[in-house]
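[1] prediction below, plus the sequence it came from.
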Amino acid sequence: MSTNHGVIQGYNGIAVVDAKHQIVVNAQAHGEGQEAHLLAGMIESTRAQCRTAAIAEDVFEATKLTADAGYSSQASVGYTQDHHIDAYIADRNHRQRDPAFADADRYKERSRQEKRRRAGRHSERYTAKDFDYDEKHRTCRCPAGNKLYRNGNNIDVNGYLDVKFRGAKSVCGPCTLRRRCLTTPDTTATKQVTIFLGKAESLKEKPIEKMKRKFDTVMGRFIYNQRIAIVEPVFGNLKNKGMNRFTLRGQQKVDAQWKLFTLVHNIEKIAHCGAS
């Protein structure tokens, strides 16, 4: 498993936590670094435990499910949609679309500019944003003001539509901005730029894209933002009690130990609830 301390031999403790009382209702340990494919199994086993506890099926159906980006995949998100589970699963780029984090990279950009200044590079290489694209006429001009010719239109690349432009040799050859425009100006003759047009219709109907539209609503983000206050304190509580690593080997033993860890947490929560 990949961790902050490198790759180690270990197991991943997963927990399903009730929002009202922070009770762990399902816990499993898996010796796998990836979690996305485990979501469906966790949901099914939690549903089975609800049946064993005589919890009505309609209560389970009315429950909202939140999961972090580690559980995001076409298969796992599609499973929740196919089974009509009201899920809010983050994708890896959800913060980039969140208006609350619009200025999150301003310090990184300031740091990059400072590094370029110290290295004596006062100008950075041009990107596609520096090229003037006319959406109406589908034309493009480079930062030097020269018109590029189109050599690809409505190209579907992994569900995204692009249009490609390339400069003429007679223009790019003597251009004084070659070193800011080309990665390898000594070996590359002309500049090619790809303009992103949008998502293809086929991509918009994929499970993750549907989840993104649901997730990015005000209500979607409000529901998901509660996740960190529901499940993360459970892991923090276990770590504070010194239960931050497994001492056994083998899937079955480690899974039993993880369940015992979460049982300690549950006993404490139930005791405090009874005392109040």
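    Everything's here; your move. A quick note: this is a predicted structure, and the numbers were derived from the prediction, not measured.
[2] what packs against the longest strand belonging to the chain?
    For the chain, the strand with the greatest residue count under DSSP state E is strand 147-157. Using 3 or more Cβ pairs under 8 Å, 6 or more residues apart in numbering; DSSP states H and E as the contact test, the elements touching strand 147-157 are strand 139-141, strand 160-166, strand 192-199. Glycine gets a C-beta too; all of them are placed from N, C-alpha and C.
[3] check which element follows the second one along the chain.
    Taking DSSP states H and E as the definition, the helix or strand that follows strand 160-166 towards the C-terminus is helix 169-172.
[4] can you name the next helix or strand after that following helix?
    Using DSSP H and E, the next helix or strand after helix 169-172 towards the C-terminus is helix 178-181.
[5] C-alpha coordinates for that next one, CSV please?
    Taking Å, rounded to 0.1, in the frame of the first residue of the first chain, the C-alpha atoms of helix 178-181 are listed here in CSV:
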residue,chain,number,x,y,z
ARG,A,178,9.7,30.8,-30.7
ARG,A,179,11.4,30.1,-27.4
ARG,A,180,8.3,31.2,-25.4
CYS,A,181,6.0,29.3,-27.8
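[6] pull out the buried residues from it.
    178, 181 (16 or more other Cβ atoms under 10 Å).
[7] for residue 212, pull up the helix or strand it's in.
    Short version, using DSSP H and E: residue 212 is in helix 207-215.
[8] ok so, going back, and residue 48, which of the helices and strands packed on strand 147-157 is closest to it?
    Taking Cβ to Cβ, strand 192-199 is the member of the helices and strands packed on strand 147-157 nearest to residue 48, at 37.5 Å.
[9] not counting the closest one itself, show me its contacts.
    128, 131, 133, 140, 142, 148, 151, 154, 159-167, 209 (Cβ atoms under 8 Å, 6 or more residues apart in numbering).
[10] just the buried members of the residues you listed?
    131, 133, 140, 142, 148, 161-167, 209.
[11] between the residues you listed, which is closest to residue 29?
    residue 209 (32.3 Å).
[12] the closest one contacts residue 203, doesn't it?
    Yes: using Cβ atoms under 8 Å, residue 209 makes contact with residue 203 at a distance of 5.9 Å.
[13] okay, now the domains of this structure?
    Annotated domains of the chain cover 2-99+216-275, 125-202 [automatic domain parsing].
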